[in-house]
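Participant: Structure, please.
(chains A and B)
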Amino acid sequence: MALFRFVKRSEVNGKTSTKIRVIAILLALIASGIFILLLKENPISVYGSMIKGSFGDPYKVKQTMIKAIPLVITSLGISIAFKMQFWNIGGEGQIIMGAFCASGIALKFPSMPKPLLLILMVIGGIIGGGLWSLIPAFFKAKWKTNETIVTLMMNYIALKWVTYLQYGPWKDPKAMGFPKIANFSDNAVLPKLFGIHIGWVIALAMVVIVYIFMNKTKKGYEVSVLGESENTARYAGININKTIIIALFISGGLCGLTGMIQASAVSNTLSTEIAGGVGYTAIIVSWLSFLSAPAILLVSILFAALLQGGAFIQIVYGIPNAAALIIQAMILFFVLGSEFFVRYKLVIKKELTVEGGQE
Amino acid sequence: MSNLPYVQMKGIRKSFGKVIANNNVNLEVNCGEIHALLGENGAGKSTLMNMLSGVYTPDGGSIFIHGKEVKFSSPKDAIKAGIGMIYQHFKLVEAMTAKENIVLGQKSGFFTNDNRVQSKIKEISEKYGLDVDLNKKVQDMSVGEKQIVEILKVLYRGADILVLDEPTTVFTPQETEKLFVIMNKMKEQGCAIIFITHKMDEVMAVSDRITVLRKGETAATVKKESTSPKQLADLMVGRVVDLKINRVEAKYGEAILQVKDLKVRDKEGAAVLKGIDIQVREGEILGLAGIANSGQKELCEAVVGIQSIQSGEIVFEGQSIVGKSTRQIIDKGISMSFIPEDRLGMGLVANMDMVDNIMLKDYHHQKGLILNRKPVIEKANRIKKELNVQTPDIHHQIRDLSGGNIQKILLGRELDSNPRLLIMAYPTRGLDINTCCTIYDLMNEQKKKGVGILFIAEDLDVLMQLSDKIAVMCNGEITGIVNPQNTTKEELGLLMVGQKIEAKEGDGIV
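Facilitator: You can find the predicted model right below:
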């Protein structure tokens, strides 16, 4: 018979939960440290190198930021859907479709004036991603389909669609048979500000906009109420289907915007690697940030640093990049696991008849 | 062995946070006995059975099975001890056949011996007269068949103590009849059966002894022969507590709400409201009595437009409101506060603060896209002061507040909207006497202002003291509308369990 049991905490205060989460991250680092030890390296110096690799000099900081931009915007998008308890794991597909629409415009009008072309591409990206997420939203509103499955499956459809374009109709004839889509004209490439493409400005702006949307607008309020309880939403007279559709369009639209930024500023073309798993990493980021926009900014930068630092230790120590991914996974595992302890506490069971009752 | 009771629960205590669900509960069930466990919703029946089946661990007291003390740490232990729970909502895998469901989760080798399983099930089903097609998929079964599978499942696992949790809720009378035959057969075979219900006629039909729970405590254990439905109703509801609440004599005005022949079906297509006729006038409190789940919730929801109706009319101030959106109905001045068992239900959002909860129903009146919380904050502070809401801060998540304070927030919001019609379901559920009185005073104040109130409660004393008229519901029907001043609790009790007495004509029947 178990000697301990879990008891629901009657009150959860901010201090305890922060403490528990910090402990979780430390435990994750210790666990990954053991793993690094197994690789016969010194964990502390490996961690040190990771920090150096991601923030060590201006170039590295830039690289980290470039990795953080898509994470920020996509996580913001996903967090809106998650707030509504709509499990949009289709960020990947929505990024790809956003990139597809933006690329279509870029390839079609290569010589259009730069500002106009870029604005059109942004709109195209948002609409592409937004519409892609509207499909599962519509199904859910209409027939109560499971959005997790639908959004996931639609990722593959999007990916295969771009593969088809890359090998078929959009294949660049000048690429000497290499299956690749033509590069954008200069007009379709986002400009730089302080050495990093302007996506970082967009990302910061989006953090502010999403924060205002979620906390200060009626629609944002409706999304939160609906996420808490559909019954309450109905009781308050909220139009549930309309709210689902609007929130998902915004959610997918932000992912689509990421696609546009990546295609325009980073790869200068459309390819199957355009999303590169950002749609999935963003799920982790949103969770770890508890769906709060400012936290997403911070966590995205940390995650980008992990990725960048992971690439760095690969060179310095010859450790596989996968090691960095393991650290990422550990952090997620421990932090999500710690949620249980935020809500419950462990009680050592003494005698059954001991005075319990009051907490 | 046979003279030891199969189940003995002594001095069981269980609390959830500050809510005491069971306190000093005693229950004894013998071999070859059908023992009914009777009590209103929230009386602690389910909690007690969850401890017997190992889902919860008691905070105090002891459980003896077949004379041996047990301490279950999981439902598995309880199954091993021979306890079979049959829940109201079946725990079956829809896509599997009856046989697969019965065998599921059993310890066995990698391969199952189909023939042996088959013959064992057959043996059991013959012994107890359980007739079901073993190769039929659960999804194709009627509720009666599903229940038989559930019973077979626990018997197959060797249970000789069966707990049936409100088994007849979704049954037709014929299916109920059939179940009773099976229960009697199991009893003959020496099983101990605990039968949870709040239907009085069923209790009188099958049980040998009856334990009544009230407010988490054992009210009494009685033999069927020496009791009557009336006595049981008394035990369930409890004796008069003087709350010193007064009925305010008010001048009735025009009819505010008229519900005519309202019929509602639930998602499964079962009739939950079977032609309801009620009327509430200005300045009148219409009490609605009835055992939980008799259709009160559906009635409330139909009036505010959450529940779609099958037929009938709902007229508010002379205008039909059938088919209007919830928002339109709210704007007309109908307020509903329904306090469910978990206290939060659909009126409030647990993870939001007082401010966000208070604006839930009128935020959409604000102009533009951006929410202005300033006036709401003022309102929240006012409600906090007026109703003495105990919260560290109006920006504190309401989930951390006590049930009473959460209820005050809900009621404060509803009263603040200056409604014409107040629907209050269980507004004082689980509150201490003082807070109850505050809420009753508030209701009387509204009544004086000429507001019509539909007041749903479990406590008959309160209903009788506050209401101008009491309508009694049972099983989706109004079994009688009486004047509380010349009726007795016993009469109400009988109406609540569906025994239609000849209503006293002219006693305010509309």
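
Participant: any chance you could read off phi and psi for whichever residue of chain A sits closest to chain B?
Facilitator: Residue nearest to chain B within chain A: A:G237 (3.2 Å; CB to the nearest CB). (Glycine included, C-beta is placed from N, CA and C.) Backbone dihedrals for A:G237, given as degrees, to the nearest 10, come out at phi 80, psi 20.

Participant: before we move on, what about A:L159?
Facilitator: A:L159 adopts backbone torsions of phi -60, psi -40, taken as degrees, to the nearest 10.

Participant: Tell me the pLDDT of it.
Facilitator: Model confidence at A:L159, given as pLDDT, is 92.

Participant: now do A:Y280
Facilitator: 89.

Participant: roughly how far apart are the residue nearest to the residue of chain A closest to chain B when sequence neighbours are not counted and A:W200?
Facilitator: Distance criterion CB to CB, 6 or more residues apart in numbering or on different chains; nearest residue to A:G237, sequence neighbours excluded, is B:R327 at 3.2 Å. Relative to A:W200, B:R327 is positioned 42 Å away (criterion: CB to CB, to the nearest Å).

Participant: between those two, which one's more packed in?
Facilitator: Taking neighbours as other CB atoms under 10 Å in any protein chain shown, B:R327 and A:W200 compare with A:W200 leading, 20 against 15.

Participant: which residues does the more buried one contact?
Facilitator: By CB atoms under 8 Å, 6 or more residues apart in numbering or on different chains, the contact set of A:W200 is A:65, A:69, A:193.

Participant: which of the residues you listed has the most neighbours?
Facilitator: If you count neighbours using other CB under 10 Å, the busiest of the contacts of A:W200 is A:I69, which has 28 neighbours.

Participant: for B:V25, which residues make a bridge with it?
Facilitator: Taking DSSP bridges as the rule, B:V25 bridges to B:I12.

Participant: residues near it, how many?
Facilitator: The tally of other residues near B:V25 (other CB under 10 Å) stands at 24.

Participant: So for it, what's the pLDDT?
Facilitator: 90.

Participant: Contact partners for it?
Facilitator: By CB under 8 Å, 6+ apart, the contact list for B:V25 reads B:9, B:11-13, B:44, B:48, B:61, B:213, B:216-218.

Participant: redo that, cut-off 10 Å
Facilitator: B:9-14, B:44-45, B:47-48, B:51, B:58, B:61, B:211, B:213, B:216-218 (CB atoms under 10 Å, 6 or more residues apart in numbering or on different chains).

Participant: Filter those residues down to the buried ones, PyMOL style.
Facilitator: Buried subset of those, written as a PyMOL selection, criterion 16 or more other CB atoms under 10 Å in any protein chain shown:
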select buried, chain B and resi 9+12+13+14+44+45+47+48+51+58+61+211+213+216+217+218
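
Participant: Next step: the contacts of B:V25 restricted to helices.
Facilitator: Residues of the contacts of B:V25 located in helices (DSSP state H): B:45, B:47-48, B:51.

Participant: with those residues in mind, which one is nearest to A:W287?
Facilitator: Using CB to CB, B:T47 comes nearest to A:W287 of the ones in helices among the contacts of B:V25, at 33.6 Å.

Participant: where's the residue in the stretch 251-400 of chain B that chain A sits nearest to relative to A:A233, distance?
Facilitator: Residue of the stretch 251-400 of chain B nearest chain A, by CB to the nearest CB: B:R327 (3.2 Å). Taking CB to CB as the measure, B:R327 falls 11 Å from A:A233.

Participant: residues bridging contact with the two, i.e. touching both?
Facilitator: A:N239.

Participant: Test my guess that the residue of chain A closest to chain B contacts B:L360.
Facilitator: Yes - at 9.4 Å, A:G237 counts as touching B:L360 under the criterion of CB atoms under 10 Å.

Participant: between the two, which one's more packed in?
Facilitator: Neighbours of A:G237 and B:L360, each counted by other CB under 10 Å, are more numerous for B:L360; the result is 23 against 20.

Participant: For the residue nearest to the more buried one when sequence neighbours are not counted, list the residues it contacts.
Facilitator: Closest residue to B:L360 apart from its sequence neighbours, by CB to CB, 6+ apart: A:A236 at 4.8 Å. Contacts of A:A236 were listed using CB under 10 Å, 6+ apart, and they are A:221-222, A:225-226, A:229, B:326-327, B:330, B:346-347, B:349, B:359-364.

Participant: Count the neighbours of B:E317 for me.
Facilitator: Residue neighbour count, defined by other CB under 10 Å, stands at 17 for B:E317.

Participant: Spatially nearest residue to it, not counting backbone neighbours?
Facilitator: With CB to CB, 6+ apart, the residue lying closest to B:E317 is B:I256, at 5.9 Å.

Participant: beta partners for the nearest residue in space to B:Q8 that is not next to it in sequence?
Facilitator: Sequence neighbours aside, B:F64 is the residue nearest to B:Q8 in space, at 4.0 Å (criterion: CB to CB, 6+ apart). Judged by DSSP bridges, the bridge partners of B:F64 are B:Q8, B:E69.

Participant: still on that earlier bit, can the ones in helices among the contacts of B:V25 go into a markdown table with extra columns for pLDDT and distance to B:L27?
Facilitator: What follows is the ones in helices among the contacts of B:V25, written out as a markdown table (pLDDT from 0 to 100; distance: CB to CB, whole Å):
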| residue | pLDDT | distance to B:L27 |
| --- | --- | --- |
| B:K45 | 82 | 10 |
| B:T47 | 83 | 12 |
| B:L48 | 88 | 7 |
| B:M51 | 89 | 10 |
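
Participant: now the residues you listed as a markdown table including distance to A:M206?
Facilitator: Shown next, in a markdown table, are the ones in helices among the contacts of B:V25 (distance: CB to CB, whole Å):
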| residue | distance to A:M206 |
| --- | --- |
| B:K45 | 53 |
| B:T47 | 49 |
| B:L48 | 53 |
| B:M51 | 52 |
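
Participant: from those residues, which single one is nearest chain A?
Facilitator: Using CB to the nearest CB, those come closest to chain A at B:M51, 11.1 Å.

Participant: Look up how far B:K71 lies from the closest one.
Facilitator: Relative to B:K71, and taking CB to CB, B:M51 is found at 11 Å.

Participant: Which neighbours do the two have in common?
Facilitator: Here B:M51 and B:K71 have B:57-58, B:63 as joint contacts, going by CB under 10 Å, 6+ apart.

Participant: The residues you listed also near chain A: which ones?
Facilitator: B:57-58, B:63 (CB under 10 Å from any CB of the partner chain).

Participant: B:L299: which of those is nearest?
Facilitator: Distance ranking of those against B:L299, using CB to CB, places B:P58 first at 36.8 Å.

Participant: can you pull the contacts of B:I398?
Facilitator: B:344, B:348-354, B:356-357, B:389, B:391, B:405-406, B:409-410.

Participant: Okay, and which of those residues map to helices?
Facilitator: Using DSSP H, the members of those that fall in helices are B:354, B:356-357, B:405-406, B:409-410.
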